[in-house]
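**Q** Requesting a structural model of the entry that follows:
(2 chains)
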Amino acid sequence: MNKRFVPRTDTEIVGKALAHDSARGHVSGRARYIDDMLEPEGTLHLAPGLSPVAAGRLKSMDLSAVESAPGVVAVLTAKDIPGPNECSPSFGGDPILAEKEILFHGQVLFAVVAETRKQARKAARLAKVEITEKKPLVSVQQGLKSGKTVLDPYTFAKGDPSAAIGKAKRSLSGRIVIGGQEHFYLEGMISMAVPGEAGAMKVFVSTQHPTEVQHLVAKAIGKPDAKVTAECRRMGGGFGGKESQAGQWACLAAIAAQKLNRPCKFRLDRDDDMVATGKRHDFDTGYSVGFDADGVVKALDVSMAARCGYSADLSLGVVDRAMFHADNAYYYPEYRIHTDRVFTNTVSNTAFRGFGGPQGLLFAERMMDHIAIELGEDPLEVRKRNFYRRGKAVTPYGMPVKDILLEEITAGLEKSARYQARRKEIAKFNAGSRFLKRGISLTPLKFGIAFTLKHLNQAGALVHVYTDGSIQVNHGGTEMGQGLYMKVAQVVAEVFGQDISRVEITATTTDKVPNTTPTAASSGSDLNGMAAKNAAEKIRDRMAKVAAKLYQGKANDVRFSNGMVHVGGREVPFAEVAKQCFLERVQLSDTGFFSTPNITWDRETQTGNPFLYFAYGAACSEVIIDTLTGEMKVTQVDILHDVGASLNPAIDIGQIEGGFVQGMGWLTTEELVFDDKGRLRTHAPSTYKIPACSDVPEAFKVKLYDYPGKKPPTVYHSKAVGEPPLMLAVSVFSAITHAIASINPGRLPDLDAPATPEAILRAVDSMRN
Amino acid sequence: MARDKLVFFRNGVRTELSDVDPNETLLDYLRLRERSTGTKEGCNEGDCGACTVALGRVRGGKLTYEPVNACIQLLGQVDGADIITVDDLAEGETLHPVQVAMVEEHGSQCGFCTPGIVMSLFTLWHSGRNADRDAINEYLSGNLCRCTGYRPIADAAMKAASVKAKDALDKRLAETQKEIARLGNGEDLFVGSDDRFFAAPATVKSLAELAAKHPDATILAGSTDVGLWVTKQLRDLPKIIHVGRAKGFSDVKTNTSKIVIGAGATYSEAFDALAEIDPDIRSVLLRIGSRQVRASGTVGGNIANGSPIGDMPPMLIALDASLELNHGGEIRTMGLEDFFIDYGKQDRKPGELVSKVIVPRLKKRDRFRAYKISKRFDQDISAIMFAARVTVSGDRIVSARIACGGMAATPKRAKHAEAALAGARLSDESDWQRAIAALDQDYAPISDMRASADYRTKVVKNLLLKALGEIAADEGGGGEAMRVTAAQGATAAGAETARRAGA
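**A** Residues are numbered from 1 along each chain as shown, chains lettered A, B, ... in the order given. Have a look, this model is predicted:
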């Protein structure tokens, strides 16, 4: 482990490579997920009735056979919803249960409530549904041609790009179709609603956004927010999939629980989950670019059409973020970056790690490969020539790029991964190999950190110190495996100078810290770490005053370290000071709050800064392909990534490795196949293939960039790490491009994402025509 | 007199059950009845491995623990076995070496796949295999992790392997094996009533008779397919006859000319005998399902279910394998290719059992190649499964048998291509072209979520080219590597090929 990072010396607990807070619970099966909780007596179970067609009008539903099936207690339809039939996180258009219009295959028509889950699932299949079918809009192109959108188009523009492209020495046009991605969190959607007294409702829910679930449930059951509590101890994976789309299942469980006055649990079967919940947006991106003889971009015009599905959901932010990352690491003097937010009769696409950024970034890297191949140059050289650098450091959204680490990180990786030498070896191999071809690529990464929706950049925390010196911490962030709870616990332990074992982590719940924002945008530790630090420091400062008074020191000189309070030349156990505070009637509990400074983005005027800072990284990937079958294997990966000064290097490296492999899956084996009737054909792991162990190369080396110079204005100078590494996998796509391009140098392989064996073979064959 | 109670062991503790529904899964038993909730349900179809438990069964006289997917395993199947779940591994607060390594190497993030991963690694730990990356990939082929990228899990497996301590299982293994032996296996198992039962006859005779008596019963082998009828199609299967306990029904016998695989033999049990025929069979076997699926799924079941995309039938047809069927004691045999009549239709009467698969070995002049093409290397269903046996004499091809899966409604021979190959020269690629072109007459595949018809049509031709190219290169004393495998990439060399290693 030590070779992967340089240990920090400025802190005691922060920066330690401690295990995930639940690691022992995970490996022993003792970490409880919602389905593992003891069910209250009388718990009922829900199952959804899903639409068998993608578009049309609901004529009739005969649910008599469902109602009379064994074990069935109730069948919920739209008329059973006490509040509005709506569970949208944003602009509306997400009915909890379909009423008249059918918008996609798998839309929930009704929900069965039965004594057992199996009974509910079986009964749900007995409905007789009549729908007047319409021809569905399935692909991005079909949606685009229809002119139907879920939101208005949006454009960044500067100068006269079409004129500038015309005037440039060289120019080219291209297109890339980018597939979506299923989250495949291992724990599917689940909620358990337990009715309390006087109309209260407690919902245990696997979600990244308990507050939103609280609000949606309250609205759906017609109660004030204050009657509803949403709690989540941990998720079995989220990846964005449980940011906005956990709400529908929670609402249905709560509606049933209120109606029947019994606890109700709703756990989706995997296939239903994959059919009925949103995914990463597919993109169809066309571009024209003008550049000089060195491949330096003069102007570009790019149009990205995103398949949003049947409703807006979070598509505004997702597609905006694609625009915010259509530059990746590169300076564009003149540009038009345009996006369409296309309606289709498919599930409503949603947040997914990177939140549109990966699609924008893949375009930028595709364009760099295109330019380099056209010029016959090493793509890495073309990339470097286009990097943001002093004097050329303003993004297409007008934000200056400061603390640029692109050149340092790229150069470091180029050397440690032996990029140049391997590139030569590969050229030699390819020249002598008829059927197998190898490819290598090194791609950089710059990713903006903060919610681009300004008001989401806030967090709250609640910290209690008890008189035995143990500490309880709670905050608005949720734990989905990313290690947020541990990082925040380390921050709190650091403030109090207490051993980490003295810090008790508690479940995220809306009755401890209210009005929270989703754990998303990689900002979990930036926001909640700061809020918890704020709460802890308030308590610590009060404790310091008490200690100073009791032990004849100055409050400003009191230090908290190694479980002791250092005051007036003495060392007093932390627990002793805590006890003294109680006797002195000094408050040992407090809330903390944080709102990210300097976020000033105004979408209307396109002014201000959407991000607090950028995270950087670079990856070098090597692949081998079989030009007879399109089979591909990633053979080596080297990564150098910037996490600022790490709060926990083990967790950060885990995020980098996991994010990379998830991105690799998106760009290679993970293919969402919809048929022309709009039915998802890859709705289970038997047909939808996320990376397996053998897909990951044994030579997989990740290093944390040793952060020099100016420190980011963040919690203990750490940087966000959740999303950025996913985009390092663009190097795999680029390496495949390089391998295919060796067949016919000078020509860009017609490769779309994901690069399945079939897509690779198609690109190979197009090189020979 | 049949036994009317299920008897199995839970972490070595004898457990008897008489109230067993024939459709109850092992996972539901653990989670809903025992409330042992460590074992998770991720996909409910045997693909993600979150529900992996270790199943101890006597194999070759030795109690051996293999990973299985509890979600699609029917409870009745565990009769006579010992079940260990993730809830059983830690002794109080002392974690098992595999668990310790997983914690120390940061092998869990969200933790939901972790119980299954721990159990797969637990079976690897007990297997005596050297925990190198190949073994780890093999043991984790059926465990999906969406968080970690697997590197720390692989490191944990290696670290755990270096711990030589005896665990709780080592200490009680001999005793449990004795207790299992004490159960005796001479009596039939029949739990339920005549119209709703789970039966597991103890002899081939009573198995064949029971199947003939209940032609409407579901014949169950590994449950890697039937399990999904229950969990996904939500079918009610009132009568289940399990073949797994019938003495001799799972035997694998070999001699110098052929291999006879009892239809109840799992892929794991048949592995060595089949892999010995040719290294390509070994490579494909390692990519059939996952370690979990191969521990349950049977060669016979893979044939009897008539799937057009099973990986084994094309290889067996290319090898000219035959089939033995048993209807109430009445035995008949046929060429395997004749068994597959049409999509979903096989030459098997209700109540008739596939009982043996007879596989001729390769002769001296036979060359064999098999390729599995899928989106992912491990645990994926083939877009195309290609197999060819080519008989050569000097530079001439004497004859060829080619069979493919995924190219038609059944596993199907390429007879036009075979005819065109007879007499072709190995040294002259232009001689092969007629056969490659003839594949258009042999196959008219469909498009589905795995691949388009175009891709299948193109690749099957390329695979014949590849097979002939490899054979020609071997005959000519070696040539360049011609395939990409999941094993590549230990170094950046890439060009290396694990194929033919040791052959």
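
**Q** Which secondary structure state does the residue of chain B found nearest chain A sit in?
**A** Taking CB to the nearest CB, chain A has its nearest neighbour within chain B at residue B:38, 2.0 Å off. For the C-beta atoms, the positions are set from N, CA and C on the backbone; glycine is no exception. Under DSSP: H, G, I helix; E, B strand; the rest coil, the three-state class of residue B:38 is coil.

**Q** didn't it look like it was pressed against residue B:99?
**A** No - using CB atoms under 8 Å, residue B:38 is not in contact with residue B:99; the gap is 11.3 Å.

**Q** For the helix or strand harbouring residue A:255, enumerate the helices and strands it packs against.
**A** Assessed by DSSP states H and E, residue A:255 sits inside helix A:247-260. With contacts defined as 3 or more CB pairs under 8 Å, 6 or more residues apart in numbering or on different chains; DSSP states H and E, helix A:247-260 has these neighbours: strand A:44-50, strand A:72-76, strand A:108-114, strand A:190-195, strand A:201-205, helix A:210-221, strand A:264-267.

**Q** The same query, at a cut-off of 6 Å, please.
**A** The helices and strands touching helix A:247-260, judged by 3 or more CB pairs under 6 Å, 6 or more residues apart in numbering or on different chains; DSSP states H and E, are strand A:190-195, strand A:201-205, helix A:210-221, strand A:264-267.

**Q** Can I get that helix as PDB, trimmed to CA atoms?
**A** Output of helix A:247-260 as PDB, limited to C-alpha atoms (Å, rounded to 0.1, in the frame of the first residue of the first chain):
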ATOM      1  CA  GLY A 247     -38.600   8.000  -4.100                       C
ATOM      2  CA  GLN A 248     -41.300   6.100  -6.100                       C
ATOM      3  CA  TRP A 249     -40.800   2.800  -4.100                       C
ATOM      4  CA  ALA A 250     -40.700   4.600  -0.800                       C
ATOM      5  CA  CYS A 251     -43.900   6.500  -1.700                       C
ATOM      6  CA  LEU A 252     -45.700   3.300  -2.600                       C
ATOM      7  CA  ALA A 253     -44.600   1.500   0.500                       C
ATOM      8  CA  ALA A 254     -45.800   4.500   2.600                       C
ATOM      9  CA  ILE A 255     -49.100   4.800   0.800                       C
ATOM     10  CA  ALA A 256     -49.700   1.100   1.500                       C
ATOM     11  CA  ALA A 257     -48.600   1.400   5.100                       C
ATOM     12  CA  GLN A 258     -50.900   4.300   5.700                       C
ATOM     13  CA  LYS A 259     -53.800   2.700   4.000                       C
ATOM     14  CA  LEU A 260     -53.500  -0.600   5.800                       C
END
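
**Q** Buried residues, it. List them.
**A** A:247-260 (16 or more other CB atoms under 10 Å in any protein chain shown).

**Q** Now do that helix, average pLDDT.
**A** Here helix A:247-260 scores 98 as its mean pLDDT.

**Q** contact partners of that helix?
**A** Helix A:247-260 is contacted by residues A:46, A:81, A:87, A:96, A:111, A:113, A:189, A:191, A:193, A:195, A:201, A:203, A:205, A:213, A:216-217, A:220-221, A:264, A:266 when judged by CB atoms under 6 Å, 6 or more residues apart in numbering or on different chains.

**Q** Scan chain A for its longest helix.
**A** Scanning chain A for the helix with the most residues, using DSSP state H, yields helix A:524-550.

**Q** following it, which helix or strand shows up next?
**A** Downstream of helix A:524-550, the first helix or strand assigned by DSSP H and E is strand A:559-561.

**Q** Need the residues that contact that following strand.
**A** Here strand A:559-561 has contacts from A:496, A:497, A:566, using CB under 6 Å, 6+ apart.

**Q** In strands, which of those residues fall?
**A** Members of the contacts of strand A:559-561 lying in strands (criterion: DSSP state E): residue A:566.

**Q** What residues does the stretch 501-650 of chain A have near chain B?
**A** Residues of the stretch 501-650 of chain A lying close to chain B by CB under 6 Å from any CB of the partner chain are A:622, A:624, A:626, A:628, A:629, A:631, A:633, A:635, A:636, A:650.
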